[in-house]
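Colleague: From the sequence below, what's the structure:
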Amino acid sequence: MRFPRNSLFWLLAAALGATTLWSSVSLMHDTTQARELVVQVSASVLHDVVMLTESRVEALALESAARCATRDLRRAPGMACVHYDVRAGTLDSGGAPLSAILKAEAARRRGDRPTVRLVTDSSLGENAALTVVRHDDAGTATAVDGIIMPRAHLMDALFREGPLAAALFDAPLSLAQLDSGSLRVSDVQGRTLFGVIQPFNRFRTSARGTGALDGIGFTVGLSGWSVPVANQGRVPLPTLWHNGILILSTILMVVVAAVSTRRELLLARARSDFIAGVSHDLRMPLAQVLLAGETLALQRERDAGQRVTLASSIVREARRLMGLVDNVLLYSRTGAVKLEPQRDDVSLDALFSDVVESVELAVQDAGQQLATDASPVPAVIGDRSLLRQAIVNLVDNAVKYGPRGQQVTLSALRTDGGRVHITVDDHGPGVPIADRARVFAPYARLAHDQVSERTGTGLGLAVVQQVVTAMQGRVWLEDAPGGGTRAVIELPEGKP
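Modeller: This is a model prediction of the structure:
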């Protein structure tokens, strides 16, 4: 790396070095600065503790809600699930205190996505609750899921085991190391939920959580020797050089830790969104299949026409489930094993017919039409199975976000250089230019999709990009000629 050769640069560098050296010496000889340093570090550590705890509470609440949805409570002794339907005003279980808490959560919490909170109200006795408020497109609360368990069990799950305990106590947090005597968590009434501050940890910082930890108090206590400070007295020159290297190393480590922490938080949120999306996408088709299957099994259909309709519904939802599972399996496999598709001549007429058969019922159910035109191009080079899955994903997106009555067009165009563009046109709201590259990232969604019932796993376009890239092609989004969005897959032309 070459540095600029000008006197101003070197003057600023020298001034920065001299200031750092002077500050280090002053810090080691001034106990006031040492005390201020401990106070500042305790505030930084407290901020990290609250952020990590909030992330863990959100993940634990969504995981518990998923368990309740699937009735998988085998590994959660003492945990009970309740559900409050806001519109109907009904509570499936729980007493008056819990009912009042769930109603209060629905009344005062608004949001664009499921809102999580840890509740330790005294009316719950020795229990605590995790609530998940769900909203409709207008941001109005529609339901509140409550997970209630003994408060001691919940505190153990948060602070004595799992990733949060490892992050707080098994590895250095921010600029200091915590132990069981340097962290205290309390409820809104001041009752201790976890930990105790030992008397020798006299540099204490307290704060109240917000969001998922609204009303929960946190106190971090550090001692004078929690942060390394050099002894009083004259410091030899070699020690100053050593201290300067340590300061530089510390700065680099703080930067690395900050980047890593941010990445982990984003990953935790992405995983939570993924779990919520998969749960939603699995629940709806399964409910449709169950309803139609029970109707057929009990012979409650009115006539042969309704029997065909119910059977078609089962086929449609089963194909939707199969597509969801295929996307998840393919994306998971490419994370561990390199995707190596076959490169054969693929007939576009046959491929388009297969795609139409796969999505026909979903298109009809959405009140839309699907038109195909592969006549100008007979074939492309690629893997037929993977290419079919990629095109089905694009058509599914076009149907999902397009209006009723629209026509989705699947066509192929020959371009210069022996390349072929397979296009999927819709008349939906379109994708902003600034977001067209981002939507191909795993778990990525547009802002208006995050508040919509038409959510998903966020893997559909990511799978398309992985498949097309593995076949040495390209994929992108652009404006459709008649309005809406055009998805384009570019592949080499094959032999008829």
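Colleague: contacts and neighbour counts: CA atoms only from here.
Modeller: Will do.
Colleague: Could you list the low-confidence segments of the stretch 51-200 of the chain?
Modeller: For the stretch 51-200 of the chain, the stretches flagged by pLDDT under 70 are 71-77, 93-98, 108-114, 170-177.
Colleague: what ranges do the strands span in it?
Modeller: Taking DSSP state E, counting those that start in this stretch to define them, one finds strands in the stretch 51-200 of the chain at 80-85, 90-91, 115-119, 127-135, 141-150, 183-186, 192-194.
Colleague: and residue 390, how far is that from residue 469?
Modeller: Going from residue 390 to residue 469 by C-alpha to C-alpha, to the nearest Å gives 11 Å.
Colleague: Could you list the low-pLDDT ranges of the stretch 351-496 of the chain?
Modeller: 443-458.
Colleague: out of residue 390 and residue 469, which sits in the more crowded spot?
Modeller: residue 390 (24 against 16; other C-alpha atoms under 10 Å).
Colleague: hang on, that one packs against residue 463?
Modeller: Yes: Residue 390 lies in contact with residue 463 (C-alpha atoms under 8 Å); the separation is 7.0 Å.
Colleague: Of the strands of the stretch 51-200 of the chain, which is nearest residue 486?
Modeller: Among those, the nearest to residue 486 by C-alpha to C-alpha is strand 127-135 (31.3 Å).
Colleague: tell me the angle the closest one makes with strand 115-119.
Modeller: Relative orientation of strand 127-135 versus strand 115-119 (axes from the mean of the first three to the mean of the last three C-alpha atoms, to 10 degrees): 160 degrees.
Colleague: other SSEs contacting strand 127-135?
Modeller: helix 31-70, helix 96-108, strand 115-119, strand 141-150, helix 151-155 (3 or more C-alpha pairs under 8 Å, 6 or more residues apart in numbering; DSSP states H and E).
Colleague: just checking, what packs against the third one?
Modeller: By that I understand strand 115-119. helix 31-70, strand 127-135.
Colleague: With the first one instead?
Modeller: The elements that helix 31-70 packs onto, with contact taken as 3+ C-alpha pairs under 8 Å, 6+ apart, are helix 7-29, strand 115-119, strand 127-135, strand 141-150, helix 162-165, strand 203-208, strand 217-222, helix 237-297.
Colleague: ranking those by mean pLDDT, which is last?
Modeller: When the helices and strands packed on helix 31-70 are compared on average pLDDT, helix 7-29 comes out lowest at a mean of 54.
Colleague: Using the record, which stretches count as separate domains in this structure?
Modeller: Annotated domains of the chain cover 31-224, 322-492 [automatic domain parsing].
Colleague: Tell me where the stretch 351-496 of the chain has strands.
Modeller: 369-373, 379-382, 407-415, 419-425, 474-479, 485-492.
Colleague: which stretch among the ones you listed comes nearest residue 317?
Modeller: It is, among the strands of the stretch 351-496 of the chain and with distance given as C-alpha to C-alpha, strand 369-373, at 18.4 Å.
Colleague: show me what contacts residue 487?
Modeller: Residues near residue 487 by C-alpha atoms under 8 Å, 6 or more residues apart in numbering: 394, 423-425, 475-478.
Colleague: That one - nearest residue in space that isn't next to it in sequence?
Modeller: Leaving out its chain neighbours, the residue that sits closest to residue 487 by C-alpha to C-alpha, 6 or more residues apart in numbering is residue 477, at 4.6 Å.
Colleague: how about the one you found, what does it touch?
Modeller: Contacts of residue 477 (C-alpha under 8 Å, 6+ apart): 436-437, 485-488.
Colleague: Which member of these is positioned nearest residue 49?
Modeller: Of the contacts of residue 477, the one sitting nearest to residue 49 (C-alpha to C-alpha) turns out to be residue 437, at 34.7 Å.
Colleague: The residue nearest to the closest one when sequence neighbours are not counted: neighbouring residues, count only.
Modeller: In this structure, residue 437 finds its nearest non-sequential neighbour in residue 476, 7.4 Å apart by C-alpha to C-alpha, 6+ apart. Look at residue 476: counted by other C-alpha under 10 Å, it has 16 neighbours.
Colleague: correct me, but residue 476 touches residue 436?
Modeller: Yes: Residue 476 lies in contact with residue 436 (C-alpha under 8 Å); the separation is 7.4 Å.
Colleague: list residues touching both of the two?
Modeller: Residues touching both residue 476 and residue 436 (C-alpha under 8 Å, 6+ apart): there are none.
Colleague: Contacts only, for residue 50.
Modeller: Here residue 50 is in contact with 209, 218 (C-alpha under 8 Å, 6+ apart).
Colleague: Please tell me the pLDDT value assigned to it.
Modeller: In this prediction residue 50 is given a pLDDT of 89.
Colleague: and it, how far is that from residue 213?
Modeller: On the measure of C-alpha to C-alpha, residue 50 and residue 213 end up 8 Å apart.
Colleague: Mind listing the shared neighbours of those two?
Modeller: Residues touching both residue 50 and residue 213 by C-alpha under 8 Å, 6+ apart: none at all.
Colleague: and the spatially closest residue to residue 192 that is not a sequence neighbour, how far is that from residue 70?
Modeller: In this structure, residue 192 finds its nearest non-sequential neighbour in residue 186, 4.4 Å apart by C-alpha to C-alpha, 6+ apart. Distance of residue 186 to residue 70, computed by C-alpha to C-alpha: 32 Å.
Colleague: With residue 49 instead?
Modeller: 31 Å.
Colleague: who's more crowded, the two?
Modeller: Between residue 49 and residue 70, residue 49 has the larger neighbour count (other C-alpha under 10 Å), namely 22 against 11.
Colleague: Contacts only, for that one.
Modeller: Neighbouring residues of residue 49 by C-alpha under 8 Å, 6+ apart: residue 168.
Colleague: Report the separation between it and residue 123.
Modeller: Distance, residue 49 to residue 123, by C-alpha to C-alpha: 27 Å.
Colleague: Can you identify the element that follows the helix or strand encompassing residue 308 toward the C-terminus?
Modeller: Secondary structure assignment for residue 308, by DSSP states H and E: helix 304-336. Moving toward the C-terminus from helix 304-336, the next helix or strand (DSSP H and E) is strand 344-347.
Colleague: partners of that following strand, with directions?
Modeller: strand 379-382 (antiparallel) (DSSP bridges).
Colleague: which other residues reach the strand it pairs with?
Modeller: Taking C-alpha under 8 Å, 6+ apart as the rule, strand 379-382 contacts 341-348, 420, 471, 491-496.
Colleague: Just the buried ones from the residues you listed, in PyMOL syntax?
Modeller: With 16 or more other C-alpha atoms under 10 Å as the criterion, this PyMOL line picks the buried residues out of these:
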select buried, resi 341+345+346+347+348+420+471+491+492+493+494
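Colleague: re the thing from before, okay, the domains of the chain in CSV with distance to residue 297 next?
Modeller: Formatted as CSV, the domains of the chain follow (distance: least, C-alpha to C-alpha, whole Å):
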stretch, distance to residue 297
domain 31-224, 23
domain 322-492, 22
